[in-house]
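>>> Give the three-dimensional model of this entry:
(one chain, ligands or ions: 2)
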Amino acid sequence: VAPRAASNPFAGRDFYANPYYSSEVYTLAMPSLAASLKPAASAVAKVGSFVWMDTMAKVPTMDTYLADIKRKNAAGAKLMGTFVVYDLPDRDCAALASNGELKIADGGVNKYKTQYIDKIAAIIKKYPDVKINLVIEPDSLANMITNMGVPKCANAAATYKALTVYALQKLDFANVDMYLDGGHAGWLGWEANIGPSAKLFAEIYKSAGSPRSVRGIVTNVSNYNAFRAASCPAITQGSRNCDEERYINAFAPLLRAEGFPAHFIVDTGRSGKQPTGQQAWGDWCNVSGAGFGPRPTTKTGNELVDAFVWVKPGGESDGTSDQSAARYDGFCGKASAFKPAPEAGTWFQAYFEMLLKNANPALA
Ligand SMILES: O=[N+]([O-])c1ccc(O[C@@H]2O[C@H](CO)[C@@H](O[C@@H]3O[C@H](CO)[C@@H](O[C@@H]4O[C@H](CO)[C@@H](O)[C@H](O)[C@H]4O)[C@H](O)[C@H]3O)[C@H](O)[C@H]2O)cc1
Ligand SMILES: [Mg+2]
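Ligands and ions are numbered 1, 2, ... in the order given. Modelled structure (predicted):
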């Protein structure tokens with residue numbers, strides 16, 4: 001077994017401005033952007049964000065990007081690959097917007113193993129010299145804590161847990177570090193949720209055999225919370241953990257006590273402007289008033305936090321506002337949600353412009 005990583009998986013490496021996102025910015029955003037916003041947009045295109053493998057068809061692009069990174073590193077760069085594993089069958093079980101391609105009822109478990117995870121493992125094996133950091137399945141285990149009352153989540157629970165364990169075991173390589181998705185302060189940070197969460201995450205970690213490459217937990221993926229709020233926003237009323245740092249500082253000792261010595265990374269891609277237009281802390285879809293947040297860095301000011309990262313690519317929709325669409329989720333129709341919005345994952349120009357204008361720190 002490889003020696004336990006004592007060091008920060010992001011230390012001494014630079015983020016890879018992936019071609020997929022920069023091409024969205026240059027081909028989809030730039031042409032209709034006001035001249036005044038173009039410098040900010042080209043700055044954003046250079047910020048390294050995670051590549052979402054949200055379909056089996058996207059897996060081969062991991063090979064393309066890792067080959068590009070390997071080439072660039074051979075020429076003196078110090079890039080790492082950062083990817084999101086996101087294709088569980090019956091995905092996003094409490095929402096409708098990000099419904100995935102695999103269904104438990106339609107052989108999804110076997111497809112996830114053989115056509116998704118095993119394919120990712122085979123690609124990683126080709127690049128033993130490239131540092132790879134992975135986010136594992138946003139919105140999966142968190143839903144197991146708070147949404148067992150949703151039939152789709154209750155029915156998917158055993159599968160989510162078993163396939164997460166499978167992924168942690170199959171992707172456990174010496175050059176890989178993985179972070180399980182831990183929702184955010186407004187989700188699992190509540191008094192009622194944080195204890196059960198620590199137990200569940202530790203159970204998964206130990207069931208997988210405490211793999212060396214499971215470094216910890218990522219928080220705030222596709223959400224908007226400040227890492228360190230100057231003052232607790234009104235919508236967080238009643239919760240002691242009103243920002244991601246308070247959530248992490250409360251969560252870490254509970255996890256350690258359960259046998260999971262987790263470190264953390266935090267998605268700051270859309271946390272720049274506080275407070276946002278959320279009317280309730282549970283508002284998650286295309287929230288108005290958000291802005292690009294702190295740039296990716298290992299200088300987090302908290303030794304539990306390896307890095308601030310950009311996981312959700314700012315400008316890609318969280319879900320359609322078209323009420324007649326199959327994947328329409330009511331949260332994307334709420335007053336706090338920017339409308340009209342296209343399907344989850346597709347380019348949302350007006351929202352991108354808002355993120356540029358609200359960026360903090362400023363982009364250019
Ligand atoms: O006063 N109290 O003591 C008290 C105690 C408990 C309370 O209840 C808690 O209230 C919280 C809201 O405050 C709820 O948190 C919301 O849960 C939703 C899932 O159900 C999440 O939605 C996901 O968001 C993802 C992006 O983050 C999307 O990608 C994904 O598609 C989407 O599904 C929201 O973020 C998240 O904010 C908790 O469940 C709930 O338990 C409340 C008060
Ligand atoms: Mg989503």
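
>>> if I look at Y20, how far off is A364?
Separation of Y20 from A364 (CB to CB, to the nearest Å): 22 Å. In this view, the C-beta of every residue, glycine as well, is placed from N, C-alpha and C.

>>> now swap in E203 and tell me
Distance from E203 to A364, by CB to CB: 46 Å.

>>> Between these two, which has more neighbouring residues?
Using other CB atoms under 10 Å, the more surrounded residue of E203 and A364 is E203, with 16 against 12.

>>> Tell me where the protein is predicted with low confidence.
For the chain, applying pLDDT under 70 flags the ranges 1-6.

>>> so does stretch 118-136 get close to ligand 1?
No: figure legend: stretch 118-136 not in contact with ligand 1 (CB under 6 Å from any ligand atom); closest approach 12.4 Å.

>>> how long is stretch 131-147 end to end?
Across stretch 131-147, the terminal residues are separated by 35 Å (CA to CA, to the nearest Å).

>>> Correction: the previous question concerned stretch 51-60.
Taking CA to CA, stretch 51-60 runs 12 Å from one end to the other.

>>> ok, now stretch 82-92?
The straight-line separation of the ends of stretch 82-92 (CA to CA) is 21 Å.

>>> now do stretch 167-176
End-to-end distance (CA to CA), stretch 167-176: 12 Å.

>>> repeat for stretch 266-275
Length of stretch 266-275, first residue to last, CA to CA: 18 Å.

>>> roughly how far out does that stretch sit from the chain middle?
Stretch 266-275 has its C-alpha centroid displaced from the chain centroid by 13 Å (CA atoms, centre = their mean, to the nearest Å).

>>> Any residue of that stretch touching ligand 1?
No: against ligand 1, stretch 266-275 shows no contacts by CB under 6 Å from any ligand atom, the least distance being 9.2 Å.

>>> Can you point out the buried residues in that stretch?
Counting neighbours by 16 or more other CB atoms under 10 Å, one finds that the buried residues in stretch 266-275 are 266-274.

>>> cool, and stretch 322-332?
Across stretch 322-332, burial judged by 16+ other CB under 10 Å covers 322, 327-329, 331-332.

>>> same check, this time on stretch 19-32
By neighbour count on 16+ other CB under 10 Å, the buried set for stretch 19-32 is 21-22, 24-25, 29.

>>> of all those residues, which comes closest to ligand 1?
Nearest to ligand 1 among these: Y21, at 18.1 Å, using CB to the nearest ligand atom.

>>> Where strands are concerned, which of the buried residues of stretch 266-275 count?
Among those, the members found in strands (DSSP state E) are 266-267.

>>> Could you dump the buried residues of stretch 266-275 into a markdown table and include distance to G108?
Shown next, in a markdown table, are those (distance: CB to CB, whole Å):
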| residue | distance to G108 |
| --- | --- |
| V266 | 30 |
| D267 | 26 |
| T268 | 32 |
| G269 | 29 |
| R270 | 30 |
| S271 | 33 |
| G272 | 37 |
| K273 | 38 |
| Q274 | 38 |
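
>>> what sits up against the helix or strand harbouring A250?
Here A250, judged by DSSP states H and E, is contained in helix 244-257. Outside helix 244-257, the residues that touch it by CB atoms under 8 Å, 6 or more residues apart in numbering are 182, 184-185, 188-189, 194-195, 197-198, 201-202, 217, 219-220, 225-228, 240-241, 261-262, 264, 266, 302, 304-305.
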